[in-house]
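**Student:** Could you look at this predicted model? Sequence included:
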Amino acid sequence: MTSDRTTPQPTAQPAAELRLEGISRHFGASAALSEVSVTIPAGRFTVLLGPSGCGKSTLLRLIAGLDRPDAGRILLDGQDITALPPAARDLAMVFQSYALFPHLSVAENILFGLSVRRVPRPAQRERLGRVAGMMGLDTLLDRKPGQLSGGQQQRVALARAVISERPVCLMDEPLSNLDAKLRAEMRVEIRALQQRLGLTMVYVTHDQVEAMTMADQIVVMNGGRVEQVADPRGLYARPETTFCARFIGTPPMNLIAPDDLALADGIMPPGTLAGLRPEDIFLADQGPEAAVEGIEYLGADQLIAARIGRSRLILRLPARQGPPPARIRIGWAPGALHLFDPSGRRIAVPEHLFSPSSVKEPVR
């Protein structure tokens, strides 16, 4: 059975570029942000990623105009908006708490911003029909927020941002209150919505899965500074610092003393670290020897915890191989080795260390 009803098509938004130049913010003697400079491309999904206290939410508040930087400029399509109040910025924002009015209906919550801006009622009705259909809320418009599920409340908050037809949308950990299954579903929906509308999206999260699955560009932050800006694949394949190497990836990259891998050849200074992703390490007939300390069975895979010299490492191996012996020898995939200097910055891998010469990867 088919229906004659058609879903209103979204209207593409004009894209806008955000540029942050030398942004700093202090709270007393504590530096929340230190000279942050980054470009957020027009029409792209940019994620601000980092642990709690790294400055990502502070940066989002500065972009929104809810706070002012102590130094630096915020430019929207070349216009300096650093000193403008929130209402004068061409931005929409979705909060972690959704910020829905419990006494208003779904329709009234969605239309609240347009009502405040005194948008004519016919235009409000037209936009509401289009956005509610797009967000799957057209049968819920008369309900109150308390009658909705968490996912439905999230859609109402998104609809309120979309209906404003602003070219930039800011999101502050909007999925943190949802269960795992609903978070996965909403990740797909938000990403699809951003692509359909062509919005410039700035999304704050501490969850690397959200960042890796949704973003065009990830800005990794740590201690109020930008560690690296890259697309998800580039960030995973080529972390520029040991912080990025350990923060991205589950399990994270192994950081090992080079001499534990028999790599100390007089070229690398003391304090250099070698990095290997768990999935790039395999069991070999020859190579550095390690003692197995534990096995974590995950169904298709198994995580092997092992000790090699003074270092500890994790291997991700196919579970069908069965448990390994108590002592193993390891090799790694060609090109999988990363090196970091004593300050934690990435350095080039010497050509003769590009892949282990004494082992060959087995056929899996």
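**Tutor:** Structure's in. What do you need?
**Student:** can we go C-alpha only for contacts and neighbour counts from here?
**Tutor:** Noted.
**Student:** those helices in the stretch 151-300 of the chain, which residues are they?
**Tutor:** 180-197, 208-214, 232-237, 242-247 (DSSP state H, counting those that start in this stretch).
**Student:** and the ones you listed, which is most packed in?
**Tutor:** helix 242-247 (a mean of 21; mean count of other CA atoms under 10 Å).
**Student:** show me what contacts the residue sitting nearest the centre point of the chain?
**Tutor:** Geometric centre of the chain, nearest residue: residue 211, 2.0 Å, by CA atoms, centre = their mean. Residues near residue 211 by CA atoms under 8 Å, 6 or more residues apart in numbering: 47, 49, 205, 218, 232.
**Student:** make it 7 Å
**Tutor:** By CA atoms under 7 Å, 6 or more residues apart in numbering, residue 211 lies in contact with 47, 49, 218.
**Student:** So it versus residue 93, what's the distance?
**Tutor:** The gap separating residue 211 from residue 93 is 18 Å, by CA to CA, to the nearest Å.
**Student:** Adding mean pLDDT, write the helices of the stretch 151-300 of the chain out as JSON lines.
**Tutor:** What follows is these, written out as JSON lines (pLDDT from 0 to 100):
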{"stretch": "helix 180-197", "mean pLDDT": "86"}
{"stretch": "helix 208-214", "mean pLDDT": "95"}
{"stretch": "helix 232-237", "mean pLDDT": "96"}
{"stretch": "helix 242-247", "mean pLDDT": "96"}
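**Student:** which residues of the stretch 51-200 of the chain score low on pLDDT?
**Tutor:** The stretch 51-200 of the chain contains no residues with pLDDT under 70.
**Student:** Show me where it has its strands.
**Tutor:** 71-76, 79-80, 91-94, 168-172, 200-205 (DSSP state E, counting those that start in this stretch).
**Student:** Give me whichever of the ones you listed is most buried.
**Tutor:** Comparing those by mean count of other CA under 10 Å gives strand 200-205 as most buried, with a mean of 26.
**Student:** Now do that strand: distance to the chain's middle.
**Tutor:** Centroid displacement of strand 200-205 relative to its chain, using CA atoms, centre = their mean, to the nearest Å, is 8 Å.
**Student:** okay, the residue lying closest to residue 34 once chain neighbours are set aside: pLDDT?
**Tutor:** In space, and not counting its chain neighbours, residue 34 is closest to residue 24: 4.6 Å by CA to CA, 6 or more residues apart in numbering. Per-residue pLDDT puts residue 24 at 97.
**Student:** what do you get for the one 4 residues further on?
**Tutor:** Looking at residue 28, its pLDDT is 90.
**Student:** oh, and call the first residue 790 from now on, that's how I've got it
**Tutor:** From this message on, residue numbering opens at 790, which makes the last subject residue 817.
**Student:** number of nearby residues for it?
**Tutor:** 7 (other CA atoms under 10 Å).
**Student:** Among the contacts of residue 1000, which one is most surrounded by other residues?
**Tutor:** Going by other CA under 10 Å, residue 836 tops these with 29 neighbours.
**Student:** and residue 1086, which of the strands of the stretch 840-989 of the chain is closest to it?
**Tutor:** Counting by CA to CA, residue 1086 lies closest to strand 989-994 out of those; the figure is 28.9 Å.
**Student:** Against residue 954, how distant is residue 987?
**Tutor:** Counting by CA to CA, the gap from residue 987 to residue 954 is 11 Å.
**Student:** Oops, could you answer that again for residue 966 instead?
**Tutor:** Using CA to CA, one obtains 26 Å as the distance from residue 966 to residue 954.
**Student:** tell me the secondary structure for residue 1093?
**Tutor:** strand (DSSP: H, G, I helix; E, B strand; the rest coil).
**Student:** Which residues are in contact with residue 1089?
**Tutor:** When contacts are counted by CA under 7 Å, 6+ apart, residue 1089 is found next to 1107-1108.
**Student:** Could you check the pLDDT of it?
**Tutor:** Reading off the model, residue 1089 has pLDDT 94.
**Student:** ditto for the one 3 residues further on
**Tutor:** The per-residue pLDDT reported for residue 1092 equals 97.
**Student:** Run through the bridge partners of it.
**Tutor:** Judged by DSSP bridges, the bridge partners of residue 1092 are residue 1085, residue 1105.
**Student:** how about it, what does it touch?
**Tutor:** Taking CA under 7 Å, 6+ apart as the criterion, residue 1092 is in contact with 1084-1086, 1103-1106.
**Student:** Could you report the distance from it to residue 806?
**Tutor:** 42 Å.
**Student:** same check, this time on residue 1132
**Tutor:** With CA to CA as the criterion, residue 1132 and residue 806 are 33 Å apart.
**Student:** Phi first, then psi, for residue 1060.
**Tutor:** Dihedral pair for residue 1060: phi 100, psi -10, per degrees, to the nearest 10.
**Student:** Who are the contact partners of it?
**Tutor:** Counting by CA under 7 Å, 6+ apart, residue 1060 has contacts 1130-1131.
**Student:** Now with 6 Å, please.
**Tutor:** Residues near residue 1060 by CA atoms under 6 Å, 6 or more residues apart in numbering: residue 1131.
**Student:** Then residue 1046?
**Tutor:** Residue 1046 is in contact with residue 1062, counting by CA under 6 Å, 6+ apart.
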